[in-house]
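Chemist: Generate a structure from the sequence data that follows.
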Amino acid sequence: MASTQQSTPSAFVREELERALAEQSFGISGFEVTSSSPLKAAARVDLLEGDSVLISLTSRGFQLHSPSEAPMDPDHDSEAVFETIEQLLQTVSPAYESAKRNALLARLESLAEST
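Modeler: Okay, here's the model as predicted:
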């Protein structure tokens, strides 16, 4: 029976944020986790437009923060909470939506060619 490596509870939120952002690599220039705790993780995300935003993940979902906010401070949480990182990125980055569409079309063309 194969064993699967499980996250420690204190690293789960950070690893989930990293995984979610890594899956969106086609639509962002890069990211760096800037802080994490057992209940919240935050990352600076570089958008395709050249701007950077702060994104956090908590049990409530993904949230966008202004660069001047302290993303680990619960008193400064933005009101908008997104269930998925895709929803958040679509809101802040027009180029993300275009990159997502292009990535999907490329995958569909690849599938069509292999059949």
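
Chemist: Which helix in this protein has the most residues?
Modeler: Longest helix in the chain, counting residues (DSSP state H): helix 94-114.

Chemist: Name the surrounding residues that touch it.
Modeler: 24, 26-28, 47-49, 86, 89-90 (C-beta atoms under 8 Å, 6 or more residues apart in numbering). Bear in mind the C-beta positions are built from the backbone N, C-alpha and C, glycine included.

Chemist: Stretch 17-32 too?
Modeler: So stretch 17-32 is contacted by 33, 36, 41-48, 50, 55-57, 62, 84-86, 89, 93, 95-96, 99-100, 102-103 (C-beta under 8 Å, 6+ apart).

Chemist: taking these one by one, which sit in helices?
Modeler: Going by DSSP H, the helices hold 85-86, 89, 95-96, 99-100, 102-103 from the contacts of stretch 17-32.

Chemist: Tell me where the longest strand sits in this protein.
Modeler: Using DSSP state E, we find that the single longest strand of the chain is strand 28-36.

Chemist: Just the buried ones from the contacts of stretch 17-32, in ChimeraX syntax?
Modeler: Here is the ChimeraX selection string for the buried members of the contacts of stretch 17-32, based on 16 or more other C-beta atoms under 10 Å:
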select :36,41,42,43,44,45,47,48,55,56,57,62,85,86,89,93,96,99,100
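
Chemist: List the buried residues in the longest helix of the chain.
Modeler: Applying 16+ other C-beta under 10 Å to helix 94-114 flags 96, 99-100 as buried.

Chemist: Any regions of this structure where pLDDT drops low?
Modeler: 1-7, 9, 67-79 (pLDDT under 70).

Chemist: Nearest the middle, which residue of it would you pick?
Modeler: Per C-alpha atoms, centre = their mean, the C-alpha nearest to the average position across the chain is that of L21, at 3.6 Å.
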